[in-house]
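> coords please:
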Amino acid sequence: MTAIMVHEHGGPEVYVQTDGEDLRPTEGQILVELSVSGVNFLDVVQRRAALPTPFRAGVEGVGRVTEVGAGVTGFAVDDRVGWMAGGQGSFSDHALVSADKAVLLPDDIDDETAVAALMQGITAHYLTTDTFPVSAGDVVIIHAAAGGLGQTLTQIAALKGATVIGTTSAEEKAEIARSNGTAHVFGYEDFAERTLEVTDGLGASVIFDGVGATTFEKDLKAVATRGTIVIVGNASGPVPPVDPNTLNTSGSLFLTRPTVADHVRTPAELHAHTDEIFAWIRRGELRMNIGARYPIAEVAEAFAALESRATTGKIILEH
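As a prediction, the model looks like this:
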């Protein structure tokens, strides 16, 4: 079995392909042969410092079950399954996955669509249903609207009847944002002023901010009174410490930093998200946009592209 390992923290260059040990599932696990893996910023966080080295890289994947551990029900050999947690080592050709974190995939959802619908699809779903239940009449700002999460967030918010404002760094990315349902696309420099212009000074109901350091101060100006700012990432660096009184003086605001792990604690929670996502895809109401494909041997190149913010849509690794 081959594995992508991280032996020291650092940049994409620290990914090393090696001959991994044979894996056998223990109680509650399934062994899966990977077909595709998802590339995520969580992988970047792990590689830079979050996990002690050495470790098998990769958190998200899709493949077929090759062996079922003791005590596992609901899965059988040759089932197609996907996961966005509970399967550390998903850049390897085989991964051990916690059965309670895996999802059986419908026959009419192909592997690429499924892997794109997991981490980013589930994240977009919980953000717009649990963190801030988006509804008709809301004004929603989505930063990095042409990215993988941004495109999915945009489609879901528009599907729910919201007016979506997207931010991008270039015109070609602005066109991608518009194709997913944004009503307005602004640059990062002036999005706050432009948002106030198109909302008659009211501002946005909610801001989903995956950029962080360079956008947060402007978020405070662009959000409505009693509005919500949701920090979902820090592509430009972490948001600096916030004095709670700032939320008071900026209009009695709500500020939160959720994480997907807290929204898929049980199989029931996990399936509540994936069932609706798959239904939207099946009805043609949600598209999972693949931005780039790389062979697994080019994992370093895939992450260099992700971290340069040069890509749009979901990046996948092919096995």
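> Now for residue 295: which residues touch it?
Shown in contact with residue 295 (C-beta atoms under 8 Å, 6 or more residues apart in numbering): 317, 318. Backbone N, C-alpha and C define where each C-beta goes, glycine included.
> what about the longest helix in this structure?
Taking DSSP state H as the assignment, the helix of the chain that covers the most residues is helix 267-282.
> Could you pull out the buried residues of the helix or strand that it is followed by?
Heading C-terminal from helix 267-282, the first helix or strand you meet, by DSSP states H and E, is strand 290-295. Residues 290, 291, 292, 294 are the ones in strand 290-295 that count as buried (16 or more other C-beta atoms under 10 Å).
> Run the chain-centre distance for strand 290-295.
Centroid displacement of strand 290-295 relative to its chain, using C-alpha atoms, centre = their mean, to the nearest Å, is 15 Å.
> Extract the C-alpha trace of the following helix or strand past it and format it as CSV.
Using DSSP H and E, the helix or strand that follows strand 290-295 towards the C-terminus is helix 299-307. Taking C-alpha atoms only, helix 299-307 is exported to CSV below (Å, rounded to 0.1, in the frame of the first residue of the first chain):
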residue,chain,number,x,y,z
VAL,A,299,-0.1,16.4,-4.3
ALA,A,300,2.5,19.1,-3.6
GLU,A,301,1.5,20.9,-6.8
ALA,A,302,-2.2,20.7,-5.9
PHE,A,303,-1.6,22.4,-2.6
ALA,A,304,0.7,25.0,-4.1
ALA,A,305,-2.2,25.9,-6.3
LEU,A,306,-4.7,26.0,-3.5
GLU,A,307,-2.5,28.1,-1.2
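> Which SSE is immediately downstream of helix 299-307?
Heading C-terminal from helix 299-307 (DSSP H and E), you reach strand 314-318.
> Just the residues contacting that next one, thanks.
35-39, 58, 91, 112, 115-116, 120, 148, 288-296, 299, 302, 305-306.
> and it, what's its mean pLDDT?
For strand 314-318, the mean per-residue pLDDT is 95.
> Measure how that strand sits relative to helix 299-307, angle-wise.
Interaxial angle, strand 314-318 versus helix 299-307 (axes from the mean of the first three to the mean of the last three C-alpha atoms, to 10 degrees): 180 degrees.
> Identify the neighbouring strands of strand 314-318 in the sheet and state each direction.
In the sheet, strand 314-318 lines up against strand 29-38 (antiparallel), strand 290-295 (parallel) (DSSP bridges).
> mean pLDDT for those strands: which is lowest?
Mean pLDDT, when computed for each of the strands paired with strand 314-318, is lowest for strand 290-295, at a mean of 94.
> in the lowest-mean-pLDDT helix or strand in the chain, what's buried?
The weakest-scoring helix or strand in the chain, judged by mean pLDDT, DSSP states H and E, is helix 41-45 (a mean of 92). Going by neighbour count (16+ other C-beta under 10 Å), the buried part of helix 41-45 is 41, 42, 43, 44.
> Quick check: next helix or strand after it?
As assigned by DSSP H and E, the chain's next helix or strand after helix 41-45 is strand 55-56.
> and the strand or helix carrying residue 155, what does it pack onto?
Per DSSP H and E: residue 155 is located in helix 148-159. If contacts are counted by 3 or more C-beta pairs under 8 Å, 6 or more residues apart in numbering; DSSP states H and E, helix 148-159 sits against helix 119-126, strand 139-142, strand 163-167, helix 171-179.
> So residue 206 belongs to a strand, correct?
Yes. Remark: residue 206 belongs to a strand, assigned using DSSP: H, G, I helix; E, B strand; the rest coil.
> And it, what's its pLDDT?
98.
> How about the contacts made by it?
Neighbours of residue 206 in contact, by C-beta under 8 Å, 6+ apart: 132, 134, 138, 140, 141, 223, 227, 228, 229, 230.
> how about a cut-off of 10 Å?
127-128, 131-134, 138-142, 157, 162, 223-224, 227-230, 254 (C-beta atoms under 10 Å, 6 or more residues apart in numbering).
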